[in-house]
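K.L.:
Here's my sequence, what's the structure:
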Amino acid sequence: MGTFILWFGWFGFNGGSQLAVSNFENATAVGQIFLNTNAAAAAGAIAALGFCKMTWGKADLTMVLNGALAGLVAITADPLSPSPLAAVLIGAVSGALVVVSIVGLDKLKIDDPVGAISVHGTCGLFGLMVVPFSNGDASFVTQLIGAAVIFAWVFGASLLVWSILKATVGIRVSEEEEMAGMDIHDCGVDAYPEFVSVK
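P.N.:
So this is what the prediction gives:
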């Protein structure tokens, strides 16, 4: 449900980047943005599904959903300039790339339980780097500089905020609370009482 809410909301996000629909050119551009946004998301989901089936012989719903989000993230770097076919290719590559990235980060023991680094970081960078293929005003150097500035700002601000939180209120729960489940700790009830382990 969360993925579909994001997918639907992304139309407003990307469509709103045109900033106007008051004339034919802008309205047509918003339509193109909607088409590319949806095409990239659908292609990302399908590619992630296909990649999982080829790799493990079965579907993985979380990878499929992350594939759709990866397509959305990648096309957001420039949702207007690519052709619909290029948007499909961008989404499809992102859908496969997110699966590889999630598995790779797991192997490196980087704690990213929902794949956010892979979706937004890996596929976001991919989206930035393919912009020059469809937009002649962009260059790879400019895109790399932009990516470096974004990374520096997010890493620096996050390090500061999380360091303050860690020093003041803490950022980890105790091992006992983690094993019992945070639903018991925060709400006083089990969220999934049917999943009780028998000892």
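K.L.:
what comes into contact with the helix or strand hosting Met179?
P.N.:
Taking DSSP states H and E as the criterion, Met179 maps to helix 175-180. Contact with helix 175-180 is made by Ile184, His185, as judged by Cβ atoms under 8 Å, 6 or more residues apart in numbering. In short, each C-beta sits where N, CA and C put it, glycine included.
K.L.:
contacting residues around the residue nearest the centre of the chain?
P.N.:
The chain has Val119 as the residue nearest its centroid, 3.0 Å off, counting by Cα atoms, centre = their mean. Val119 makes contact with Asn66, Leu69, Ala70, Val73, Val98, according to Cβ under 8 Å, 6+ apart.
K.L.:
what about the helix or strand hosting Val30, distance to the chain center?
P.N.:
Here Val30, judged by DSSP H and E, is contained in helix 24-56. Averaged C-alpha coordinates place helix 24-56 at 13 Å from its chain's average position (Cα atoms, centre = their mean, to the nearest Å).
K.L.:
Apart from its neighbours in sequence, what residue is nearest Ile171?
P.N.:
Leu165 (5.5 Å; Cβ to Cβ, 6 or more residues apart in numbering).
K.L.:
Let me see the backbone angles for that neighbour.
P.N.:
Main-chain torsions, Leu165, degrees, to the nearest 10: phi -60, psi -40.
K.L.:
Start at 49, not 1
P.N.:
In the new numbering, first residue 49, that becomes Leu213.
K.L.:
Need the pLDDT of it.
P.N.:
On pLDDT, Leu213 comes in at 97.
K.L.:
What number of residues are in the vicinity of it?
P.N.:
Look at Leu213: counted by other Cβ atoms under 10 Å, it has 11 neighbours.
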